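quick one, what's the 3D model for this:
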Amino acid sequence: MLIGYARVGADERSLATQVEALRAAGCARIYEDRAIDGDVSVKPQLLAALNASAAGDEIVVSQLDRLAQSFSGLIEAMQSLQDKGVAFRSIREGIETVTPAGRSFFHTIGALATFERDIEAQTLDDGQAAPPSGAKRLGRPPRITPERWEEALLLLQGDPPTPVAAVAERLGVTRQAIYKRLKDEGVGS
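All right, here's what the predicted structure looks like:
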């Protein structure tokens with residue numbers, strides 16, 4: 001069975017042109033989403049169309065952006081259709097997953113999805129890796145400069161040792177800042 005899906009775009013007010021194209025394509029049932037308070041991302045009828053489809057059916061849209069508004073959304077929708085054994089057709093772009101060229105398109109989309117996930121994972125890994133030596137430190141500058149930290153250590157380890165509260169007051173930082181720095185550097189453990 002051919003199942004049509006039409007969605008009002010951000011710049012549209014009517015579904016008439018899409019519905020006409022879907023009827024001309026032979027769709028027996030057409031699901032229509034209209035923007036709810038201007039929000040075109042809410043698509044309950046798309047979910048209804050996907051739920052109503054079964055293996056051997058074909059979802060038809062007038063153009064590709066009616067099915068999804070992003071590449072990742074398109075990949076997700078196409079994967080969902082493939083998992084159910086449902087074919088897909090986009091009238092404007094001439095994509096039909098029942099043809100060899102259409103299947104090739106779907107496999108290309110899948111390969112691009114894998115590529116995109118790999119790039120995102122690599123970017124995330126690169127971002128979490130330690131910065132190369134000599135790289136500029138991001139964030140605000142440390143409150144205790146290396147010179148002032150040497151002074152603090154001399155005071156803390158002196159004979160007699162200066163209390164942390166007094167050192168913190170002298171440096172203009174909190175006691176917690178002193179304790180954190182001591183812990184981070186493994187001093188006094």
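
which other helices and strands contact the helix or strand containing residue 101?
Taking DSSP states H and E as the criterion, residue 101 maps to helix 100-128. The helices and strands touching helix 100-128, judged by 3 or more CB pairs under 8 Å, 6 or more residues apart in numbering; DSSP states H and E, are helix 71-84, strand 87-90, strand 95-96. Heads up, the C-betas are built off the backbone N, CA and C, glycines and all.

distance check, the residue nearest to the spatial centre of the chain against residue 113.
Nearest to the mean C-alpha position of the chain, counting by CA atoms, centre = their mean, stands residue 72 at 8.1 Å. Applying CB to CB, to the nearest Å, the value for residue 72 to residue 113 is 8 Å.

just residue 19 next, same as before
With CB to CB as the criterion, residue 19 and residue 113 are 30 Å apart.

check which residues of the worst-scoring helix or strand of the chain on mean pLDDT are buried.
In the chain, no helix or strand scores lower on mean pLDDT, DSSP states H and E than helix 100-128, which sits at a mean of 80. Across helix 100-128, burial judged by 16 or more other CB atoms under 10 Å covers 102, 105-106, 109, 113.

Provide a list of residues in contact with the residue nearest to the centre of the chain.
113, 116 (CB atoms under 8 Å, 6 or more residues apart in numbering).

cool, and the one 10 residues further on?
With contacts defined as CB under 8 Å, 6+ apart, the neighbours of residue 82 are 97, 106.

how close does it sit to residue 6?
22 Å.

over to residue 72?
The value you get for residue 72 to residue 6, if CB to CB is used, is 22 Å.

one more: residue 70?
Residue 70 is 19 Å from residue 6, by CB to CB.

and stretch 52-71, end to end?
Length of stretch 52-71, first residue to last, CA to CA, to the nearest Å: 24 Å.

show me which parts of it are buried, residue by residue.
53, 57-62, 65-68.

can you count the residues close to residue 84?
Using other CB atoms under 10 Å, residue 84 has 16 other residues around it.

shouldn't it be in contact with residue 51?
No - at 9.7 Å, residue 84 does not count as touching residue 51 under the criterion of CB atoms under 8 Å.

sketch out the low-pLDDT regions of this protein for me.
Scanning the chain for pLDDT under 70 picks out the ranges 10-12, 35-41, 127-135, 137, 188-189.

how is it partitioned into domains?
2-126, 146-184 (automatic domain parsing).

pipe these into CSV and attach distance to residue 138 per row.
Shown next, in CSV, are the domains of the chain (distance: least, CB to CB, whole Å):
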stretch, distance to residue 138
domain 2-126, 14
domain 146-184, 17
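
minimum distance to residue 140: which of those domains has it?
domain 146-184 (12.8 Å; CB to CB).

need the distance between the two termini of the closest one.
14 Å.

so which bits of it are buried?
148-149, 152-153, 155-156, 164, 167-168, 171, 173, 177-178, 181-182.

all set now, cheers.
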